[in-house]
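Participant: dropping a prediction and its sequence here:
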Amino acid sequence: MNIKPADRINTVTEYYFSVKLKQIEKMRAEGKNVINLGIGSPDQMPSDEVIESLHASAENSANHGYQSYIGIPSLRAGMAELYLKNYGVRLDPNSEILPLMGSKEGIMHISMAFLNPGDEVLVPNPGYPTYSAVTNLVQAVARRYDLTEDNGWQPDLDALEKQDLSKVKLMWVNYPNMPTGAKANREVMKRLIDFGRKYSIIICNDNPYSFILNPEPSSLLEVPGAKEIAIELNSLSKSHNMAGWRIGMAASNATFITYILRVKSNMDSGMFRPLQDAAAKALEAGSEWFSQVNAVYARRRKLVYELLDRLGCSYDTKQVGLFVWAKVPAKYGKGQVVSDQVLDKAHVFLTPGFIFGSNGESYIRISLCATEEVIQESINRINQIEIV
């Protein structure tokens, strides 16, 4: 039978990490003990209170049916309180917040809610590959804008304003930035909102790393008037060690949230109630919780710096978030050269920067989601090899 997939399948490839994990599993099956320092999947546990809440809620027979598409009131209230307490942003939990099954889901929902075929989307280079992939899947056009080390990995709005923006409908930004670790620049955030309002471009900020090794958590929605033109995604995946739970949120004005809900309500049947109850409990965590989590990451980051020094890489010690972004020595040319050889010779996987865009080709990214013992073992292995 000659059954062909939809044309949109040809616009994307299998997610890089999906492919890489298959390779790593194959190597392990061959008896090679591969260390994975590539993926940002937190290895620490949620708090005991969160697990207890999940257990208690799961024992309630009434909690195993379909749930509301907009999430339980206590979850939305917890998300609103998170924004008020940490960012000084007041959100109406009944109309300006939409819980999601992970913020990655939100990228698709937002794109489906606002983009028509042929609409253009400003996507960062380097940036999270899903922004481009989803743009292609909804038949919009991804237009890369440059982030460079010389510009502090911030968008060059002056350069963008010299271009034809007549077809641009939406712009993805991500601060604290992944993969570069650049902090949110409050002046740039203000300019982004002015830029969006001037050209009628929706500014979407993906904000899951706000509380990781970042002494100044911030939100794009702090900018006065931001809710008129901006949408912010956030998540419990990184900040509360709940990546596999798939709990995120979108925050914006009530009209935008309504549009996103129209898409979402046709794609799922609500989030499992015990997950929502536990997430609401997680959102009650105070500064002590984040301090404990970050103390672990800070110790790991020191070891990652040692690993990078061994490879001769350069890096900014002021970067924040769950990864360390580093430039490889010029003699190697591309980060992929270092990544491939370290995997082949030391059986340690480091993410090559090219997967985030052409501006990442000279870089590698290392996750902090591995124990100090594992990172030290990686250093020991790398000390025994030579990169050529």
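Facilitator: Happy to help now that I have it.
Participant: so how far is Leu21 from the closest residue to Leu303 other than its chain neighbours?
Facilitator: Excluding its sequence neighbours, the residue lying closest to Leu303 (Cβ to Cβ, 6 or more residues apart in numbering) is Ile375, at 4.3 Å. Heads up, the C-betas are built off the backbone N, CA and C, glycines and all. Distance, Ile375 to Leu21, using Cβ to Cβ, to the nearest Å: 19 Å.
Participant: equivalent analysis for Lys104, please.
Facilitator: Taking Cβ to Cβ, one finds Lys104 at 16 Å from Leu21.
Participant: looking at these two, which one has more neighbours?
Facilitator: Lys104 (18 against 15; other Cβ atoms under 10 Å).
Participant: got the contact list for the more buried one?
Facilitator: Thr130, Gly248 (Cβ atoms under 8 Å, 6 or more residues apart in numbering).
Participant: could you look up the SS state of it?
Facilitator: Using DSSP: H, G, I helix; E, B strand; the rest coil, the structure places Lys104 in helix.
Participant: isn't Thr371 up against Leu37?
Facilitator: No - counting by Cβ atoms under 8 Å, Thr371 sits too far from Leu37 to count as a contact (11.1 Å).
Participant: these two: which is more packed in?
Facilitator: Leu37 (23 against 14).
Participant: so what's the residue nearest to Leu303 scoring on pLDDT?
Facilitator: Looking at Ile375, its pLDDT is 98.
Participant: tell me how many other residues crowd it.
Facilitator: Other residues close to Ile375 by other Cβ under 10 Å number 24.
Participant: where's it relative to Val138, distance?
Facilitator: Ile375 is 39 Å from Val138, by Cβ to Cβ.
Participant: likewise Asp277?
Facilitator: 33 Å.
Participant: can you map out the helices along this structure?
Facilitator: 16-29, 48-58, 73-87, 103-114, 129-137, 157-161, 186-199, 254-264, 273-282, 287-311, 335-346, 372-382 (DSSP state H).
Participant: deepest-packed of the ones you listed, please.
Facilitator: Per-stretch averages of neighbours, counted by mean count of other Cβ atoms under 10 Å, single out helix 273-282 among the helices of the chain, with a mean of 24.
Participant: elements contacting it?
Facilitator: helix 48-58, helix 73-87 (3 or more Cβ pairs under 8 Å, 6 or more residues apart in numbering; DSSP states H and E).
Participant: tell me which of those lies nearest to Asn125.
Facilitator: helix 73-87 (27.4 Å; Cβ to Cβ).
Participant: and Ala295, what pLDDT?
Facilitator: At Ala295, pLDDT is 97.
Participant: domains of the chain?
Facilitator: 7-45+288-382, 65-282 (automatic domain parsing).
Participant: tell me how far the last one lies from the chain's centre.
Facilitator: Spelled out, that is domain 65-282. 10 Å (Cα atoms, centre = their mean, to the nearest Å).
Participant: what's across from Lys327 in the sheet?
Facilitator: Beta-bridge partners recorded for Lys327 (DSSP bridges): Ser314, Tyr363.
Participant: and Gln139, how far from Gly118?
Facilitator: Counting by Cβ to Cβ, the gap from Gln139 to Gly118 is 7 Å.
Participant: oh, that last question was meant for Thr148, not what I typed.
Facilitator: 29 Å.
Participant: cool, and Trp153?
Facilitator: 29 Å.
Participant: Gln139 and Gly118 - which one has more neighbours?
Facilitator: Legend: neighbour count by other Cβ under 10 Å for Gln139 and Gly118, higher for Gln139 (14 against 10).
Participant: mind listing what that one touches?
Facilitator: Arg8, Thr11, Pro117, Gly118.
Participant: correct me, but Arg310 touches Arg381?
Facilitator: No - look at Arg310 against Arg381 with Cβ under 8 Å: they stay out of range, at 10.3 Å.
Participant: got any residues that touch both of the two?
Facilitator: What both Arg310 and Arg381 touch, as defined by Cβ under 8 Å, 6+ apart, is an empty set.
Participant: surely Leu91 meets Leu98?
Facilitator: No - Leu91 is beyond contact range of Leu98, at 10.7 Å (criterion: Cβ under 8 Å).
Participant: could you tell me which residues touch both of the two?
Facilitator: Common neighbours of Leu91 and Leu98 (Cβ under 8 Å, 6+ apart) are Ala251.
Participant: point out where this protein drops to low pLDDT.
Facilitator: Residue ranges of the chain with pLDDT under 70: none are present.
Participant: what about Met267, distance to Lys302?
Facilitator: Using Cβ to Cβ, one gets 43 Å for the distance from Met267 to Lys302.
Participant: now swap in Met79 and tell me
Facilitator: Met79 is 33 Å from Lys302, by Cβ to Cβ.
Participant: same check on Ile257?
Facilitator: Taking Cβ to Cβ, one finds Ile257 at 41 Å from Lys302.
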